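> Starting from these lines, generate the structure:
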Amino acid sequence: MGLKQAQVLMLLLTAASMVAVGMADKKISATQRWNYGFNYTDWFANHRNNNTGSGPNRIIVGGSAKWQFGFNYTDWALKNGPFYLNDTLVFKYDPPVDNSSHPHSVVLFTNFWSFLKCDLTRARRLANTTQGGGVGFEFRLKKWQPYYFACGESNGFHCDKGLMKFAVMPLFRRWHW
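Numbering: from 1, shown residues only. Next up, the predicted model:
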């Protein structure tokens with residue numbers, strides 16, 4: 001298998017796993033469950049982020065925890081997905097106050113392997129250490145592709161040890177007939 005084929009396969013596996021985890025609706029009762037615990041007919045109607053009629057969502061990354069060291073953002077993304085095309089992710093974090101503070105930023109990895117290793121070599125800086133203050137830094141999910149986000153500070157330490165990384169694969173919104 002060539003490198004291009006492996007990348008396509010990884011993209012499909014990432015998308016499929018994110019959809020599957022996002023569809024794991026734990027709020028339905030045992031009597032509603034079928035087909036190995038998942039009721040396909042009610043998921044779209046019951047899922048919290050499926051605001052198909054109201055348009056794109058504005059989602060604060062980490063919720064009330066915001067963008068901070070030690071919070072598991074991969075777990076947060078899995079619990080708060082799925083995310084949709086044109087949704088906006090908002091990264092809120094405090095700008096550095098002095099030399100003793102630990103600043104944060106937002107980077108976008110170019111590939112899955114860099115994301116796994118927290119290798120910032122080819123990562124693109126989206127927001128610097130001051131852009132998370134106030135209303136926060138906003139990033140719109142414009143394309144149907146995986147997005148790999150992380151904090152770009154401390155040479156990858158915040159990403160690797162601080163759990164400040166997550167991936168999303170935006171889905172298409174459901175069409176109304």
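
> Does the nearest residue to Asp119 once chain neighbours are set aside belong to a helix, a strand or coil?
Counting by C-beta to C-beta, 6 or more residues apart in numbering, Gly156 is the residue found nearest to Asp119 once chain neighbours are left out, at 6.9 Å. No exception for glycine: its C-beta is placed from N, CA and C like everyone else's. The three-state label given to Gly156 by DSSP: H, G, I helix; E, B strand; the rest coil is helix.

> what does Trp144 give?
Strictly by three-state DSSP, Trp144 counts as coil.

> That one - how many residues pack around it?
Residues near Trp144, counting by other C-beta atoms under 10 Å, number 11.

> That one contacts Pro170, doesn't it?
Yes - with contact defined as C-beta atoms under 8 Å, Trp144 reaches Pro170; the gap is 6.3 Å.

> where do the strands sit along the protein?
Ranges of strands in the chain, per DSSP state E, are 58-60, 88-91, 106-109, 124-127, 137-140, 147-150, 165-168.

> Of all these, which one comes closest to Gly81?
strand 165-168 (6.8 Å; C-beta to C-beta).

> one step back: so which of the strands of the chain is nearest Asn72?
strand 165-168 (8.7 Å).

> What's the mean pLDDT across that closest one?
Here strand 165-168 scores 96 as its mean pLDDT.

> Please identify the pairing partners of that strand and their relative orientation?
Taking DSSP bridges as the criterion, strand 165-168 sits next to strand 147-150 (antiparallel) in its sheet.

> Spatially nearest residue to Tyr147, not counting backbone neighbours?
For Tyr147, ignoring the flanking residues on the chain, the nearest one in space by C-beta to C-beta, 6+ apart is Val168 at 5.2 Å.

> Quickly note the distance from the one you found to Leu120.
According to C-beta to C-beta, to the nearest Å, Val168 and Leu120 sit 19 Å apart.

> With Gln145 instead?
For Gln145, the distance to Leu120 (C-beta to C-beta) stands at 20 Å.

> neighbour count winner among the two?
Remark: of Gln145 and Leu120, Leu120 carries more neighbours, 19 against 13, as counted by other C-beta under 10 Å.

> Might one say that that one is in contact with Gly152?
Yes - between Leu120 and Gly152 there is a contact under C-beta under 8 Å: 5.7 Å.

> Which helix or strand in the protein has the lowest average pLDDT?
Sorting the helices and strands of the chain by mean pLDDT, DSSP states H and E puts helix 40-46 at the bottom, at a mean of 41.
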